[in-house]
Every structure is written in C-alpha cells, then in structure tokens.
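> Provided below for reference: sequence and predicted model.
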Amino acid sequence: MSIKFLLTVYICSAIGGDCYTNPDYPKVFNDHHDCIRAGLSDSYEIIYAEGNFTKEDINNNQLYPKFTCIPHEDEGKIVTRLTVKN
C-alpha cells in the first residue's frame with residue numbers, strides 16, 4: 001500500500017461563510033509536494049485566470065480560495081478520471 005494525496009480546491013465567501021468546489025475534485029497525487037503545488041496553481045487559475053469571477057464578484061463576496069491535500073492509503077482502488085482500472 002502507498003499513500004496518495006487527494007486535492008480539493010474550494011472557493012469560499014467571507015461574507016456568507018460558504019465554500020464550494022466543482023466535480024473536477026478531488027484530484028489524486030503521489031506526494032504531498034505535488035499536491036500542494038497543484039493546489040496553489042489551481043486556486044489561482046479558478047479565481048483569476050479562468051474568468052470565473054470579476055473583480056467586483058471577488059470584492060463584493062470577499063471570495064478567497066482554499067485547498068486541502070488529504071493523505072489517503074491507496075489499496076489499488078483510487079481511480080482518477082485519467083486512469084481506467086480493469
């Protein structure tokens with residue numbers, strides 16, 4: 001068995017206290033380093049680069065990204081959208 005890390009990125013509102021994610025998560029990584037790196041990159045992409053939110057949206061709702069990299073024992077059952085297990 002090995003340890004995998006499950007990345008989930010959330011977009012949160014400081015006003016409402018709610019956090020949301022999308023169906024692309026969790027994503028699976030082989031180590032903590034790669035998970036953290038992807039979390040930082042994905043957070044930026046979601047809140048700024050992809051055009052999901054305007055500056056007004058971010059300011060009015062006090063939006064901020066957060067992410068988790070949760071360790072999980074892989075017993076050969078973790079499957080990503082890119083991997084097909086037979």
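Received, thanks. Note that this is a predicted model, so its numbers are computed, not measured. Residues are numbered from 1 along each chain as shown.
> Please count neighbours and contacts with C-alpha atoms only from this point.
Will do.
> Give me the nearest residue to Pro71, chain neighbours excluded.
Nearest residue to Pro71, sequence neighbours excluded (C-alpha to C-alpha, 6 or more residues apart in numbering): Phe5, at 4.5 Å.
> try Lys66
Lys66 sits nearest to Tyr10 (C-alpha to C-alpha, 6+ apart), 5.3 Å away.
> Can you get me a residue count around that neighbour?
By the other C-alpha atoms under 10 Å criterion, the neighbourhood of Tyr10 contains 22 residues.
> Helices along the protein, start to end?
32-44, 55-61 (DSSP state H).
> How far away from the center of its chain is the first one?
The offset between the C-alpha centroid of helix 32-44 and the centroid of the whole chain comes to 8 Å, using C-alpha atoms, centre = their mean, to the nearest Å.
> what's that helix packed up against?
Under the contact definition 3 or more C-alpha pairs under 8 Å, 6 or more residues apart in numbering; DSSP states H and E, helix 32-44 sits against strand 2-13, strand 63-74.
> Looking at those strands, which one is packed in the most?
Mean neighbours per residue, mean count of other C-alpha atoms under 10 Å, is largest over these for strand 2-13, with a mean of 20.
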